[in-house]
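> No sequence on hand, only this structure:
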Ligand code: HEM
């Protein structure tokens, strides 16, 4: 891994922090193995079944079907019956973006669901392509015979013993509902919703009870105990190898290991023309964002460092984190005369997804937003972390090269961008944005474009994917060094516009990637920026260093911005 790896970075944030581009924490819907309020069905079970029904239609012979999000378009089929499926659609329809497809979200739901109910970590790879319509039929149904099920699992790529394991790894959580299968699950009169839930085993955790209770003869799994044997599909499947697999799965360790592998294989069952990413592993040190923007007539360099530690270790109290960077332009270009230092970032606690919790990990985030000048800008940056315990500070510099700041030719300015939307009682009707960008004033671009993408929307509309010219907009004053451009994007009844910008100058293209629009026109935007935008209070040499202090003196912010103080210190280095 080397920063920046945009798709990896986006998937990593989503997988381990549980939040999407709009910073909405969708994994918290399933966190702590939550139940829906009415009926008390398990969200994790609904998400796991949703993923299975999407993957189950894979055909290894022609490479079609598999986990591709086609399930969103297939809920009117008898084989996909169930209220849990419809609830899941609502959970998942707001988060897809250009790096995280709807299909990846279905797979993530299975990973989070298993982890949220104390199950094993399931390795996750991204890169699934979202289908734009229904796929083939073929999800197994309980009234089909063993030969039919064995053949369907073979077509999905699973051997007979893998079939037994995968069904047990699915039916360790959740229930059969009376409202969906009245012949299998009795209606429960004490349940005010009238929807009887007959759970597969006596525990709500993702554990081996499904196997121990089956082998021990105490199971209440309706797909085993039903008096109508036509529907006893788990009984037929579990006993199909003389109970050898189910005997083995009684061991907690064996169950965890097997199910981690089986669920991973299930979510990696994708159409043959899809190439998945490498496994997304948790980055212990992560630069989660780095951009230049304008907030209240100041040019701001903003970056966010996320560090992790074991969740049974208290948060460090003496830690200090400094941001260091080189100018990209001017007399001190590339740190030839000075290194800039910012201290005292705003410290926050990024959320942890069920998977990060299962890995017993906690995050601390260090948010820097420092005023800079356009004629100095940023070429690269790095961090110095001092734990305050006498040990030498640790430098995080991307393996030695520093974090190279991608480009400053075009910047995104959410602060001045605006949103217009219409909603009625049924929800969002239309959404549109005027996106403001800054392009360096000395440039004469031959092309300036907004690439706008939105993969969300009720009832899964095709993604909005538009390229719109950015037009010079002299009515907007930015800051010295940047001229304002704007473009209008209408993303219809979709929720999560993603902003990419591109300018072409002398045949070279400069790109800003993956800007979000959630904070536009909302008070949170103000909160977010004002809580991190910092005032520059001094320029002084760091104690112990020699050399003269340079004349770095960015504009002072308005007092309202000075909620947190970052000391920007500029030192001369001996070169
Ligand atoms: C022959 C194969 C299978 C059959 C016939 C089958 C059948 C069923 C049925 C009838 C239900 C009840 C649904 C409802 O009442 O809404 C159910 C629930 C469930 N199934 Fe399966 N299943 C099979 C395989 C799997 C597999 C392989 C998985 C995942 C790895 C899985 C995961 C689940 C889960 C988690 C639930 C509970 C859903 C909830 O509580 O909302 N199933 N299954």
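Thanks, I have the structure now. Remember, it's a predicted structure, so these values are computed and weren't measured experimentally.
> Would you mind stating the distance between residue 158 and residue 233?
Separation of residue 158 from residue 233 (CB to CB, to the nearest Å): 15 Å. Just so you know, the C-beta spots here come from the backbone N, C-alpha and C atoms, and that holds for glycine as well.
> and if you look at residue 477?
68 Å.
> Confirm for me that residue 122 is in contact with residue 111.
Yes. Counting by CB atoms under 8 Å, residue 111 is a contact partner of residue 122 at 4.7 Å.
> and for those two, which residues touch both?
Listed as contacting both residue 122 and residue 111 by CB atoms under 8 Å, 6 or more residues apart in numbering are 263, 267.
> Of the two, which one has the most company?
Neighbour tally, residue 122 and residue 111, criterion other CB atoms under 10 Å: the higher count belongs to residue 111, 28 against 25.
> what about the more buried one, which helix or strand?
For residue 111, the element it lies in under DSSP states H and E is helix 102-116.
> And the ligand, is that helix touching that?
No. For helix 102-116, no contact with the ligand is found by CB under 6 Å from any ligand atom; the gap never falls below 7.8 Å.
> quick check, distance from that helix to the centre of its chain.
Put simply, helix 102-116 sits 11 Å off its chain's centre (CA atoms, centre = their mean, to the nearest Å).
> Which other helices and strands does it contact?
helix 6-17, helix 43-55, helix 83-92, helix 252-267, helix 354-358 (3 or more CB pairs under 8 Å, 6 or more residues apart in numbering; DSSP states H and E).
> per-stretch mean pLDDT over these, give me the minimum one.
If the helices and strands packed on helix 102-116 are sorted by mean pLDDT, helix 83-92 sits at the bottom with a mean of 93.
> tell me the contacts of whichever residue of the stretch 301-450 of the chain sits closest to the ligand?
Proximity of the stretch 301-450 of the chain to the ligand (CB to the nearest ligand atom) peaks at residue 354, 15.3 Å away. For residue 354, the contacting residues are 18, 27, 30-32, 112-113, 115-116, by CB under 8 Å, 6+ apart.
> Of the residues you listed, grab the buried ones for ChimeraX.
With 16 or more other CB atoms under 10 Å as the criterion, this ChimeraX line picks the buried residues out of the contacts of residue 354:
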select :18,27,30,31,112,113,115,116
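> and of the contacts of residue 354, the nearest to the ligand?
The closest of the contacts of residue 354, once distances to the ligand are taken by CB to the nearest ligand atom, is residue 113, at 7.9 Å.
> if I look at the residue lying closest to that closest one once chain neighbours are set aside, how far off is residue 111?
Spatially, and ignoring its direct neighbours in sequence, residue 113 is nearest to residue 44 (3.4 Å; CB to CB, 6 or more residues apart in numbering). Between residue 44 and residue 111 the distance, using CB to CB, works out to 10 Å.
> try residue 385
Separation of residue 385 from residue 111 (CB to CB): 30 Å.
> What of residue 380?
From residue 380 to residue 111 the distance is 35 Å (CB to CB).
> just residue 422 next, same as before
Where residue 111 is concerned, residue 422 sits at a distance of 36 Å (CB to CB).
> now residue 1
From residue 1 to residue 111 the distance is 19 Å (CB to CB).
> Ok, residue 266 next?
11 Å.
> Helices of the stretch 451-575 of the chain, start to end?
Along the stretch 451-575 of the chain, counting by DSSP state H, counting those that start in this stretch, helices occupy 523-532.
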